[in-house]
Structures are given as C-alpha cells and as structure tokens.
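S.K.: Fold the following, please.
(one chain, ligands or ions: 1)
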Amino acid sequence: MEFLRPATWDEALAAKAAHPDATAISGGTDVMVELNFDVHRPAAVLDLNRVAELAEWSVEGGTVRLGAAVPYARIIEELSGPLPGLALAAHTVGSPQIRNRGSVGGNLGAASPAGDSHPALLAAGRDVFVEAASVRGTRLIPIDDFYVGVKRNSLEPDELIRAVRIPVADGPQQFSKIGTRNAMVIAVCAFGFALHPKNGTVGTGIGSAAPTPRRAVEAEEYLAQEFARRGLWESGEAPGPEVVRRFGELVRAAASPIDDVRGTAEYRRHALAVMARRTLTWCWNDYRKQIGSAA
Ligand SMILES: Cc1cc2nc3c(=O)[nH]c(=O)nc-3n(C[C@H](O)[C@H](O)[C@H](O)COP(=O)(O)OP(=O)(O)OC[C@H]3O[C@@H](n4cnc5c(N)ncnc54)[C@H](O)[C@@H]3O)c2cc1C
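M.R.: You can find the predicted model right below:
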C-alpha cells in the first residue's frame, strides 16, 4: 500500500489527481477501523494531516468556513456560539479520544446515514455548502445535493473536501440523538432543528432513519407557514400543542427507516416525532427569551 504525505494543499490535490483511488485520511477514526478490520485495502492512503489550513476555521461575511479537519473537540470549544447545532451534535460523537481526532470533513467523506454532523448541517439551512476541490478547481456542493446514497457522497474521485461553509446561526438550534446507551454510540436515530428568524424559515435534519441524511421538507414548510400566519416570529407566542404535534407527525412521515440491530423502523419513526416536538419546544423557548431580552 502506497502512503502519500503531502505537505501543502496543492500537493494534496496533485496527489489525489495522480491517485484517484487513494483513500484520504484525516482523523483516521473511520479509516483506521476499516483498515484494521480489512474492510478495505486501498492501493494508496493520502494523509492530509500535514496540510495546516484544513484544521483552521474563519468567519467570512456571516458564514463560518470550517476546515475539513477541524476536530469535534475544537468545534465544541470554539464554535458553539456561531454553530450551536453542530457543536451540540459534536458533543454526542464517540468519546473524548474520537472527538479529538474526528472531523466533519471525515464525517462527510464517510457519508454514513448515522453520522452526527449531517442532521445539524441540514438544519443549518439551504446555504450550507461543501467546498470540494481538485486540480481542476473548486466547486461548492449544496448540502442537499451532497448525500447520494448509503455511505455515498457526490465527490468526484479526484476531489477532496477543503471546508464546509455554514451560515452563522441567527436563531436557536438543537440536536437530539437516541442511542442504545448514553455515550460511545452510533445513533439509533437523530434529529437536528434550527430556527431561522431572519428569513422566517426553520431547518430540520434527520439522521439514521433513511438511506441518506435528509431534511423533513413538508415539516419545515408547515412550520414556516404556521409561524407566518399566526405572527409568531413577532409575538413570540408559543405555537400551541396542535402545531407542535403536527410538526412531529410530518417529521415522522419524512423518514424511511429500516429495522436493524440498533432499533426497529417503527421505534425510529416514533422517536423522531418525539425529538421533533422536543427540539422545536426547546428552540422556541430560547427564541422567546431572545426576543424578550431584545425588547
Ligand atoms: C469508537 C468510535 C466511535 C464513533 N462514534 C461516532 C459518533 O458517535 N458519531 C459519528 O458521527 N461518528 C462516530 N464515529 C465515526 C467517526 O469518528 C466519524 O465519522 C468522524 O467524523 C470521522 O472523521 P475523521 O476525520 O476521523 O475521518 P477519517 O477516518 O480520516 O476519514 C473518513 C472518511 O472521509 C474521507 N475523508 C477524510 N477527510 C477527507 C477530505 N478532506 N476530503 C475527502 N474525503 C475525506 C476518508 O477517505 C474516509 O472515507 C466513531 C468512530 C469510532 C472509531
């Protein structure tokens, strides 16, 4: 097995162009498990750890540009203000060791339907983009187009993820995950939710309950319409039990889970409705406090 160790981003892109079948390795928390268990035996491994800019983040024009290799531990420490949903999701990943190494770039590379970043990225809105680069140039892939199948993403063989662009939160965000125990657990199912008061929308993300991470489109539209119709963004009044219940039903209907060792499809549907109702209520309570203190 060839081991490629570029020192710069340009070298990394050149190496990927020359070896499109090389497996990139960032934190290695997915790749090393697969190598150790002989799931894959790639012809080459492309180690990205010397490319310093992959582990950096910046804020540009209201958008966080999160380097692909920034570990979860730093997202929790440094980005819980601008990216509260992603930071909450990061809290639930693995153990301290995994959070010190694992990254959102690696989560996107693996594209598991159970990856915890995905519901938070989807909920953060439609202006979330994966920055994919190759020697041919850079393209921004909308997060909604990124997940194309079970553990498959829309990267071309010669592309690497440079960063993820995520709007700075303009309202409360939440993430909820159900596992078979409290920690170190792959999600039975997960749900991300965000309020976007600036444009009067809400964001959702469903994890581990469909072949790919996905949003609950009808649920998002329903809530945005109800909030607008009832003037709730302005008044801060609670949406009421009927709206909350209907939102949960629409999230449940958006999932297409399977029965597996972690849980049944029916349990996942039920749990999603519960998480949807809870995260909406938590976010709304926070939103009321925000507009109350602003008044
Ligand atoms: C004990 C344990 C517990 C875990 N718990 C969780 C959990 O709770 N939640 C969860 O979501 N995940 C969990 N994982 C899985 C893993 O930690 C995450 O998916 C993590 O985000 C992977 O990041 P990484 O940097 O380690 O990726 P790597 O292992 O380095 O790479 C993962 C994939 O992404 C590709 N890749 C990496 N960087 C790039 C790049 N820049 N461009 C293109 N492709 C790239 C690799 O080729 C590979 O296919 C766990 C893993 C272990 C071993």
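S.K.: which bits of the stretch 101-250 of the chain sit near the ligand?
M.R.: By C-beta under 6 Å from any ligand atom, the residues of the stretch 101-250 of the chain that approach the ligand are 101-103, 105-107, 109-110, 115-116, 160-161, 184. C-betas here are computed from N, CA, C, even on glycine.
S.K.: Sort out which of those residues are buried, if you could.
M.R.: When burial is judged by neighbour count using 16 or more other C-beta atoms under 10 Å, the buried members of these are 101, 102, 103, 105, 106, 107, 109, 110, 115, 116, 160, 161.
S.K.: Enumerate every residue touching the third one.
M.R.: Neighbour list for residue 103: 26, 27, 68, 69, 70, 71, 72 [criterion: C-beta atoms under 8 Å, 6 or more residues apart in numbering].
S.K.: when you check the ligand, which of those residues turn up near it?
M.R.: Filtering those for neighbours of the ligand using C-beta under 6 Å from any ligand atom leaves 26, 27, 68.
S.K.: where does the last one land on pLDDT?
M.R.: Think residue 68. Confidence at residue 68, expressed as pLDDT, is 98.
S.K.: Can you tell me the closest non-neighbouring residue to it?
M.R.: residue 105 (2.6 Å; C-beta to C-beta, 6 or more residues apart in numbering).
S.K.: For my notes, confirm that neighbour occurs in a helix.
M.R.: Yes: the assignment for residue 105 (DSSP: H, G, I helix; E, B strand; the rest coil) places it in a helix.
S.K.: I'd say it and residue 26 touch.
M.R.: Yes: between residue 105 and residue 26 a contact is recorded at 5.5 Å, counting by C-beta atoms under 8 Å.
S.K.: Now do the strands in the chain.
M.R.: Shown for the chain, the strands assigned by DSSP state E span residues 2-4, 23-25, 44-47, 57-60, 63-67, 129-134, 137-142, 147-149, 152-153, 160-167, 173-178, 189-196, 201-207.
S.K.: hey, where'd the helices end up in the protein?
M.R.: Taking DSSP state H, the helices of the chain run over residues 9-18, 31-36, 72-79, 84-91, 96-101, 104-110, 117-123, 143-146, 217-230, 232-235, 241-254, 265-294.
S.K.: Report the angle between the longest one and helix 84-91.
M.R.: Pointing back at helix 265-294 there. Here helix 265-294 points in a direction 130 degrees away from that of helix 84-91 (axes from the mean of the first three to the mean of the last three C-alpha atoms, to 10 degrees).
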